[in-house]
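A.B. asks: Got a predicted structure here, sequence first:
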Amino acid sequence: MPTSVPEIETGSFASPRWLFCPASSVKVVCWNINRGLQLPRIMEFLSRSQADILLLQEADLNARRTHHLNIAREIAQKLQLNYIFGREFQELTQGTRRSPAYHGQATLSRWPLSNARILRFQQQSNFWRPHWFLPEIEPFQERLGGRLALVAHASVGGKTIVTYNLHLESRGDDRLRGAQMNETLQDAVRYKADTAVVLAGDLNMDVSAGDVAQAIKRADFQDVFTNQHTPTTPNSFFEEGRVIDWIFSRGSLRSGTPQVHTLVSGSDHYPLSVTLDLR
């Protein structure tokens, strides 16, 4: 493993036959995979889902807890997909100075991916920063980096779909998360109104109402679940499941058959899926 990795890593494992296949719809899966700790279960669901585009959060790279695997690359190779990995944090308690560990977002697709970039939010929490008085051991989760949106273009049968793969801050309050969401919506203004855009991820908040919901509506994004969500995290001893994972679309896309897969147990979040009509 190199002493450092670029902020964006890419790889291509998809069959070129997809370049010649017309597509009238695409299936999108969005899932916080909890570092990839249960990789066989994650692989099994993703393989069964037959999705065209995967938007995954919390994918490890060279972390001790996930056996030093490159989780995004492992999934891409196994499922024969193209992938882009965006480095969110260096995990100081999961690697060494010579062999650092990271985690971040991964966007995968059977279709070509291009124009990858990171939108690292200006508004960040100070919670993860290392402190001299804390040892670099796992319970303290000391990190370098910051929350981001991984942006990429998927070329689906000659049509471009812009994807925003988000992971908003889990620490802090909804005002911070709202500010990060607003940065994303402001960035999306660069694309014409009829451009197909998918914005999805672990938002760590319920955005069905309030100022953030209004900002999303003003930006012409539609909730593919039309606010008929079920919890996207399981119940626990301490709290009930929460609605914190979302998929929105904008432009020349129409959504159908959205689903929260509550029977899938490969993470501390449930996967979401939707089929988007391109016609």
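C.D. replies: Structure's in. What do you need?

A.B. asks: Would you pull up how far stretch 250-268 lies from the middle of the chain?
C.D. replies: With Cα atoms, centre = their mean, to the nearest Å as the basis, stretch 250-268 stands 13 Å off its chain's centre.

A.B. asks: likewise stretch 199-213?
C.D. replies: The chain centroid and the centroid of stretch 199-213 are separated by 14 Å, computed with Cα atoms, centre = their mean.

A.B. asks: So what touches that stretch?
C.D. replies: With contacts defined as Cβ atoms under 8 Å, 6 or more residues apart in numbering, stretch 199-213 is touched by 28, 30, 32, 55, 57-58, 105, 149, 163-170, 174, 177-178, 181-182, 184, 188, 216, 221, 223, 227, 229, 242-250, 269, 272. (Each C-beta comes from the backbone N, C-alpha and C, glycine too.)

A.B. asks: Show only the entries of these found in strands.
C.D. replies: Among these, the members falling in strands (DSSP state E) are 28, 30, 32, 55, 57-58, 105, 149, 163-167, 223, 245-250, 272.

A.B. asks: Helices along the stretch 51-200 of the chain, start to end?
C.D. replies: Using DSSP state H, counting those that start in this stretch, the helices of the stretch 51-200 of the chain run over residues 71-79, 174-188.

A.B. asks: In CSV: those, plus mean neighbour count, mean pLDDT and distance to Glu9.
C.D. replies: Output for the helices of the stretch 51-200 of the chain, formatted as CSV (neighbours: other Cβ atoms under 10 Å; pLDDT from 0 to 100; distance: least, Cβ to Cβ, whole Å):
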stretch, mean neighbour count, mean pLDDT, distance to Glu9
helix 71-79, 21, 98, 7
helix 174-188, 19, 97, 21
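
A.B. asks: so what's the closest residue to Pro271 other than its chain neighbours bridging to?
C.D. replies: Leaving aside its chain neighbours, Pro271 sits nearest to Trp31 (3.9 Å; criterion: Cβ to Cβ, 6 or more residues apart in numbering). Beta bridges link Trp31 to Leu56, judged by DSSP bridges.

A.B. asks: Pull the contacting residues for Trp31.
C.D. replies: With Cβ under 8 Å, 6+ apart, Trp31 has these contacts: Ile42, Leu46, Leu54, Leu55, Leu56, Gln57, Asp245, Ser267, His269, Tyr270, Pro271, Leu272.

A.B. asks: How about Ser15?
C.D. replies: Neighbours of Ser15 in contact, by Cβ under 8 Å, 6+ apart: Gln80, Arg110.

A.B. asks: any weak-confidence spans in the protein?
C.D. replies: The model of the chain has pLDDT under 70 over residues 1-5, 17-22, 128, 130-141.

A.B. asks: try 50
C.D. replies: For the chain, the stretches flagged by pLDDT under 50 are 1-2, 132-133.

A.B. asks: picking that back up, and the contacts of stretch 199-213, which are buried?
C.D. replies: Buried subset of the contacts of stretch 199-213 (neighbour count, 16 or more other Cβ atoms under 10 Å): 28, 30, 32, 55, 57-58, 105, 149, 163-169, 174, 177-178, 181-182, 184, 188, 216, 221, 223, 229, 242-250, 269, 272.

A.B. asks: Can you give me the distance of Glu44 to Gln38?
C.D. replies: 10 Å (Cβ to Cβ, to the nearest Å).

A.B. asks: Show me which positions of stretch 14-33 end up buried.
C.D. replies: Neighbour counts using 16+ other Cβ under 10 Å place Ala14, Trp18, Ser25, Val26, Val28, Val29, Cys30, Trp31, Asn32, Ile33 of stretch 14-33 among the buried residues.

A.B. asks: Now the fifth one: closest residue in space, sequence neighbours ignored.
C.D. replies: Put plainly, it is Val28. Nearest residue to Val28, sequence neighbours excluded (Cβ to Cβ, 6+ apart): Ile53, at 4.8 Å.
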